[in-house]
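Quick one: sequence plus predicted model below, questions after.
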Amino acid sequence: DNAPIKEFTFGANADKKSGTLINKAVAYTKAIGYGFDLQSDKNVTFDEKSVSAKSPFYFSIKLPEGNYSVEVVLGGSNSGITTVKAESRRLMLREIKTAANETKTARFVVNVRTARFDVNNTISLKPAELKGLNWDEKLTLEFLGTSIVQSIKIYPISKIKTIYVAGDSTVMEHDLEPWASWTQFFPNYLTSDVVMANYACSGLTLSSFKSEYRLEKILYLMEPGDYLFLAFGHHDENAT
C-alpha cells in the first residue's frame, strides 16, 4: 500500500504539483467523485500553493468501504491553526499550528463503511443515519480553525487492528453540535496502527442492535486481535 489511491493538491501552481489539482471551489458530486461538500465551497480561498478558510469547510472523496490512511500537508504563506475531523465529527487532528511559510505533514486513519455486507445482507439504518456522513459511500474531511491545506493523500490499508463500538446514543457519533460522545474524541489519541469503527445508534437496545444486523456485520468483519466495546443499558432497562 505504498502509492496513494487518491491524491489532491491545492493552489494555482500546477507545474510543481502531483495528483488532482484543485485550484477552484469545485462542489462535490457523485459524478466527479470529489470536491467541497455541504455548500462549504463558498468558504475557501486559493493562493499559489494552498487552500485556506476562516470558516469550516468540508472536502469529500468517493471511496469504497475500508480503512484508509490520510496524509495532509498543512501550512502556507500565512500562519494558521488547523483542526481536522472526519465523517461525523471524529476528531483526527487538533489545533495544528503552522507559522508563515511553514509546512507540517500529519497522518491519521479513518474507517469508511457502508450498510452492506456478506453479499446480500444490509444493516437497517435509521432515517437520521441516511442523512448523515457515516454511511454515504464517501470520506468527508472537515477542516476547522484558520485552516491552510496544501494536499491530501489517501492510502488504502489492507489490515489494521480495529476497535468496534456497539451501543446507543451515549457512544454514537453525533452529527450536530453541541452533542458528542467520547468516541468522537478518541481517534485523536490513537496511534496510526489502530482504527475505530463505530456502529452505535441512538435509541438502540442490545436486542435491537442485533435485530438490525449491526452485530452481525461486526462479527462478519472482526479478525483476531480486534476489540469490541459494548455500551448498553440506558434503554435496555425499559425493554420488554
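Arrived safely, thanks for sending.

nearest residue to Phe57 other than its sequence neighbours?
Distances taken as Cβ to Cβ, 6 or more residues apart in numbering place Ser40 nearest to Phe57, at 4.0 Å, with adjacent residues excluded. Any C-beta I mention is one placed from the backbone N, CA and C, and that applies to glycine too.

Tell me how many other residues surround the residue lying closest to Thr114 once chain neighbours are set aside.
Spatial nearest neighbour of Thr114, chain neighbours left out: Glu65 (4.8 Å); criterion: Cβ to Cβ, 6+ apart. By other Cβ atoms under 10 Å, 14 other residues sit near Glu65.

I'd say Glu65 and Ile123 touch.
No: counting by Cβ atoms under 8 Å, Glu65 stays clear of Ile123, with 11.8 Å between them.

I believe Glu216 is in a helix; please confirm or correct that.
Yes: when DSSP: H, G, I helix; E, B strand; the rest coil is applied, Glu216 is found to be in a helix.

could you point out the longest strand in the chain?
Taking DSSP state E as the criterion, the chain has its longest strand at strand 138-157.

buried stuff in the following helix or strand past that strand?
Counting by DSSP states H and E, the next helix or strand C-terminal to strand 138-157 is strand 161-167. By 16 or more other Cβ atoms under 10 Å, the buried positions in strand 161-167 come out as Thr162, Ile163, Tyr164, Val165, Ala166, Gly167.

Now do the contacts for the residue nearest the centre of the chain.
The centroid of the chain falls nearest to Ala86 when counting by Cα atoms, centre = their mean (2.6 Å). Taking Cβ atoms under 8 Å, 6 or more residues apart in numbering, we find Ala86 in contact with Val70, Met92, Phe108, Val110, Leu139, Thr140, Leu141, Glu142, Pro187.

swap in Asn198?
Applying Cβ under 8 Å, 6+ apart, we find Asn198 in contact with Asn111, Asn134, Tyr164, Val165, Val171, Met172, Glu173, Thr183.
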